[in-house]
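In: 3D, please:
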Amino acid sequence: MSTLQYWLWLATRAGLRTGEAAALAGQFGTPEAAYFADPAEYDLLRLPGALRESLRDKSMEGVEAILARCERLGVRVLTLQDAQYPERLRQLHDRPAVLYLKGREMALDREAAIGVVGARRCTPYGVDLARRLGHDLARRSAVLVSGIAQGVDAAALRGALSAGGRVISVLGGGIDVVYPPSSADLFEEIAVRGLLVSEYPPGTPTAGAHYPVRNRIISGLSVGVAVVEAGERSGALITARLALDQNRDVFAFPGPVGAPMSVGPNRLIQRGEAKPVFGVDDILEEYENLYPAVRPSKPPVSAPRNSRPAPPRREPVSPPAEGNGKQEMVDKAPGRAYSTFETYPGGASFSDDEKAVLLALGEDTLHPDELAEAAGIPARRVLSALTILEMRGVVRSAPGSRFAAAVVFRRRESPD
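Out: From the prediction side, this is the model:
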């Protein structure tokens, strides 16, 4: 039999606690040694009765069934003994002995992988924030690690995938068990464009008790974990605690005092356990020297002292979207297009919030909080509008979680 078969036999013993399969392999030297050990040796370890009985069962039928199912599903199996096993997980005291993988191969130890966690029943603001965070992480070449539950997890994954980013989803059941059903499309997309990871054999039902166990892998694969929204007893806080235990960085997005979904992040910040952040730049600035790929591709260029911007020139915007066919004269500064909603192609489809944000931005580079005040609309609606506008290429993100308009919009002046 192969070494892989012995690993699978050991990892599927009944009564195992988290990380115990790897510990037993270390105790006996190899999984083969654990398989061929005298039953009396199991008694000397004072293991629970159910586990000792399971270790005495030398049948390989279950192992053969797992291998056949993995081959049928296109699932790769990685053991603690393999060179490709992530070193970040190998360092954990409760490391998984076996991992089941489906999707793209990634050299995880060389990547700036950021865990994104939060509440399933998050607010619309939390969904917008998670989606934008996933999108921005992808644009900065970071790998997003999360679960696949509704709420923050799914929103972050969708945001990263929409930007062509790389994602890893760690599951609380078998790699072929779609849960929740609402995330079925995500399962399919991640299996092709990202990476699904589980320590449970294919066919294992998803169970609530699996999630705290699964969370240590999310934090373990990551260099830092960001908490978007979390209630007082959210599982996201378990992941944050595990990250701290694993010597990982923890980041938290602060929220309104007294808001139920802001209690978790605010408490982490209050206790000094998390760095307060407002966007992806606040997170990735910690890793730019370690992982050059996440450095901003176009750092801001400081203007020379005592220099003045060139005066705007006037030239026509063409073609007009509608009207009598006349070209409208608008101001235009070098490197910046100017327009109105009436003349910009597709400008008529902007929502009221999107128009308000664009008008408030003008030629400035502003933080969402500043935009909310200038536009006179709630911050969550500003974030939602910015996400759509950035995807349409009308707004660009800037360092410091700020935004600038790629096209400066002005109100159309009424004819005399």
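In: how about the strands in the stretch 251-400 of the chain?
Out: Secondary structure of the stretch 251-400 of the chain, counting by DSSP state E, counting those that start in this stretch: strands at 275-276, 313-317, 328-332, 337-339, 365-366, 395-398.
In: again, but for the stretch 51-200 of the chain
Out: Using DSSP E, counting those that start in this stretch, strands in the stretch 51-200 of the chain cover 76-79, 98-103, 113-117, 143-146, 167-170, 195-198.
In: separation between Gly74 and Asp176?
Out: Note on Gly74: its distance to Asp176, by CB to CB, to the nearest Å, is 10 Å. To be clear about C-beta, it is placed using only N, CA and C from the backbone, and glycine gets the same treatment.
In: circling back: out of the strands of the stretch 51-200 of the chain, deepest packed?
Out: Of all the strands of the stretch 51-200 of the chain, strand 113-117 carries the top mean neighbour count, a mean of 30, counting by mean count of other CB atoms under 10 Å.
In: which neighbours does it have in its sheet, and in what orientation?
Out: strand 143-146 (parallel), strand 224-227 (parallel) (DSSP bridges).
In: quick check: mean pLDDT across that strand?
Out: Strand 113-117 shows a mean pLDDT of 98.
In: now swap in stretch 8-19 and tell me
Out: For stretch 8-19, the per-residue pLDDT averages 95.
In: centroid-nearest residue for this structure?
Out: Leu144 (3.5 Å; CA atoms, centre = their mean).
In: which residues touch that residue?
Out: For Leu144, the contacting residues are 113-114, 116, 134, 137-138, 156-157, 160, 165-168, by CB atoms under 8 Å, 6 or more residues apart in numbering.
In: out of those residues, who's nearest Ala184?
Out: Leu157 (13.0 Å; CB to CB).
In: any figure for the gap between the closest one and Asn215?
Out: Applying CB to CB to Leu157 and Asn215 gives a distance of 16 Å.
In: more neighbours: these two, which one.
Out: Leu157 (28 against 25; other CB atoms under 10 Å).
In: chain neighbours aside, what residue packs nearest to that one?
Out: Excluding its sequence neighbours, the residue lying closest to Leu157 (CB to CB, 6 or more residues apart in numbering) is Val167, at 5.3 Å.
In: now render the strands of the stretch 51-200 of the chain as a markdown table, adding distance to Ala379.
Out: Shown next, in a markdown table, are the strands of the stretch 51-200 of the chain (distance: least, CB to CB, whole Å):
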| stretch | distance to Ala379 |
| --- | --- |
| strand 76-79 | 43 |
| strand 98-103 | 35 |
| strand 113-117 | 20 |
| strand 143-146 | 23 |
| strand 167-170 | 26 |
| strand 195-198 | 33 |
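In: of all those strands, which one comes closest to Ala372?
Out: Closest approach to Ala372 among the strands of the stretch 51-200 of the chain is made by strand 113-117 (23.2 Å; CB to CB).
In: residues making contact with the closest one?
Out: Under CB under 8 Å, 6+ apart, the answer for strand 113-117 is 130, 133-134, 137, 142-147, 152-153, 156, 168, 215, 218-219, 221-228, 230, 235-236, 239-240, 243, 248, 283-284.
In: can you list contacts of stretch 402-415?
Out: 328, 330-331, 336-344, 347, 355, 358-359, 361-368, 371, 386, 390, 393-398.
In: buried ones in it?
Out: Within stretch 402-415, the residues that count as buried by 16 or more other CB atoms under 10 Å are Arg402, Phe403, Ala404, Ala405, Ala406, Val407, Val408, Phe409.
In: only the C-alpha atoms, please, for that stretch, written as CSV.
Out: Extracted C-alpha coordinates of stretch 402-415, given in CSV (Å, rounded to 0.1, in the frame of the first residue of the first chain):
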residue,chain,number,x,y,z
ARG,A,402,-9.6,57.5,-1.2
PHE,A,403,-11.3,57.9,-4.6
ALA,A,404,-10.9,60.2,-7.6
ALA,A,405,-13.1,60.6,-10.7
ALA,A,406,-11.7,59.4,-13.9
VAL,A,407,-14.2,61.6,-15.6
VAL,A,408,-15.2,64.8,-13.9
PHE,A,409,-18.9,65.5,-14.2
ARG,A,410,-20.5,68.9,-14.0
ARG,A,411,-24.1,70.0,-14.0
ARG,A,412,-25.3,71.1,-17.4
GLU,A,413,-25.9,74.8,-17.4
SER,A,414,-29.4,75.8,-18.3
PRO,A,415,-29.6,77.8,-21.6
